[in-house]
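# structure of the sequence below:
(one chain, ligands or ions: 2)
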Amino acid sequence: MKKILITGGAGYIGSHTAVELINGGFEPIILDDLSNSEEKVLGRLEEIVGKKLIFYKGDCNDPAILDQIGKEHELAGVIHFAAYKAVGESTALPLKYYKNNIGSLLVLLEFMQKQEIKDIVFSSSCTVYGQPDHLPVTESTPRKEAESPYGNTKKVCEDILVDFVKSKQGIRVISLRYFNPVGAHPSGKIGELPLGTPSNLVPFVTQTAAGIREKLTVFGDDYDTPDGSCVRDFIHVMDLADAHVKALSFLESKEDDYYEVFNVGSGNGNTVLEVIETFEKVNGLKLNYQIGPRRPGDVVKIWADTKKINQVLGWSPQNSLADSMRDSWNWQKSL
Ligand code: NAD
Ligand code: WQD
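Ligands and ions are numbered 1, 2, ... in the order given. From the prediction side, this is the model:
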């Protein structure tokens, strides 16, 4: 079985990807410093996949732990999830974000060069598009000036990867630009674990339904959208996980010095109010919510054109928004 290092593999998207890697015939080697996740995720993962997993607790900025992993395992590729992702915090603490998100990529690329590991899949984000002028966004839609240091780290990391490929080290890279990941593993054993008050919509929805939050505020209903609330492209985390497995398998067939970027979204735009309505319907619940003022800096509407990933990687999402809302609630109930 080909071994794949997953940095940030105890986190939300990384843990689901570990499951899909095993289903796809790879062996994940997880490296995570647990700065935004819990060690018990590993046990949960092992229950799902029915076998022991290889886990290193450590910082991806630390070349020594990478060297140790390199000595102990022959790695066929890397998926780099490890990063800080709180947009608001990144504005208050930009250096923390630049240091971890960019620094960890640099350390990892040096390690790959040294170990002659060719393939890397990088976690990028639709945040690089800002508010696009035309919808849906394709991969050639121009990137906008980043609205936050977090968003800028994703742009800079994409640029670093492009430059590294251009320098002809024999590396093969796919950057996946995720839209809004939601949902959880259908077992309810793993899912998103937000620390403190969630700033993302779906964790706030599920915590409100669970009575942890009193009510959800919808940030604005007077935008130029079908019902006035913002539009996003919500993608089930298991479909997102599957995109990583397809990306890795595809890279194996590519020539050296390869770089490509793909949108990973459902290809549909849904409003915030549609998300609430779907959540209520599929789970037979009423959600306590109110309409509030707009959230400063919010993108009004964005959704992905997914033709490229459909055609090139043969990937398409298998789960609907209703599936996501069912699985997110199932996960919340298990907590
Ligand atoms: P997450 O916080 O759940 O997972 C990230 C994991 O990385 C955490 O377990 C954390 O402990 C770990 N980590 C952070 N810095 C580390 C370091 N230096 N060394 C080792 N481990 C480290 O986040 P997620 O939602 O799973 O996101 C994964 C990736 O996808 C991130 O790069 C994020 O920026 C990107 N992304 C996320 C979203 C989203 O909405 N969730 C959207 C687009 C892109
Ligand atoms: C979605 C919609 C809110 C909470 C963020 C990051 C972005 C990317 C994904 C990583 C918006 C509305 C939310 C609430 C609400 N991450 N909302 N009430 O804004 O698309 O993007 O996560 O790369 O970089 O900025 O996601 O979940 O915060 O918001 O009405 O309590 O839900 O206004 O329209 P967003 P989100």
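
# tell me how many other residues crowd A210.
Residues near A210, counting by other CB atoms under 10 Å, number 12. Just so you know, the C-beta spots here come from the backbone N, C-alpha and C atoms, and that holds for glycine as well.

# do the same with G25
The number of residues packed near G25 is 10, by other CB under 10 Å.

# OK, contacts around the spatially closest residue to it that is not a sequence neighbour?
Of all residues not flanking G25 in the chain, M1 sits nearest, at 6.3 Å (CB to CB, 6 or more residues apart in numbering). Neighbour list for M1: 25-27 [criterion: CB atoms under 8 Å, 6 or more residues apart in numbering].

# closest to ligand 1 among those residues?
Proximity of these to ligand 1 (CB to the nearest ligand atom) peaks at F26, which lies at 18.1 Å.

# list the beta-bridge partners for that closest one.
For F26, the beta-bridge partners under DSSP bridges are K2.

# tell me the confidence at it?
pLDDT, F26: 98.

# same question for S249.
Looking at S249, its pLDDT reads 98.

# which SSE is it in?
Counting by DSSP states H and E, the element that carries S249 is helix 237-252.

# what do you get for L108?
L108 belongs to helix 103-115 when assigned by DSSP H and E.

# and M1, how far from ligand 1?
Going from M1 to ligand 1 by CB to the nearest ligand atom, to the nearest Å gives 23 Å.

# can you show me the strands along the stretch 201-335 of the chain?
With DSSP state E, counting those that start in this stretch, the ranges of strands along the stretch 201-335 of the chain come out as 216-219, 231-232, 234-236, 258-264, 270-271, 289-292.

# out of these, which is the most enclosed?
strand 234-236 (a mean of 27; mean count of other CB atoms under 10 Å).

# and that strand, what does it pack onto?
Using 3 or more CB pairs under 8 Å, 6 or more residues apart in numbering; DSSP states H and E as the contact test, the elements touching strand 234-236 are strand 180-182, helix 321-334.

# span of stretch 261-279 from start to end?
End-to-end span of stretch 261-279 (CA to CA, to the nearest Å): 31 Å.

# whether that stretch contacts ligand 2 - can you check?
Yes. Using CB under 6 Å from any ligand atom, stretch 261-279 reaches ligand 2 at V272.

# what does stretch 238-246 give?
No. Judged by CB under 6 Å from any ligand atom, stretch 238-246 stays clear of ligand 2, getting no closer than 11.9 Å.

# also stretch 169-177?
No. Stretch 169-177 does not reach ligand 2 (CB under 6 Å from any ligand atom); its nearest approach is 8.8 Å.

# can you list the residues that contact stretch 151-170?
Residues from elsewhere that reach stretch 151-170, judged by CB under 8 Å, 6+ apart: 83, 87, 90, 97-98, 101-102, 105-106, 109, 113, 116, 118, 120, 122, 124-125, 127-128, 130, 143, 146, 171-173, 175, 256-259, 261.

# restrict the residues you listed to those near ligand 1?
Applying CB under 6 Å from any ligand atom, the subset of these adjacent to ligand 1 comprises 83, 125.
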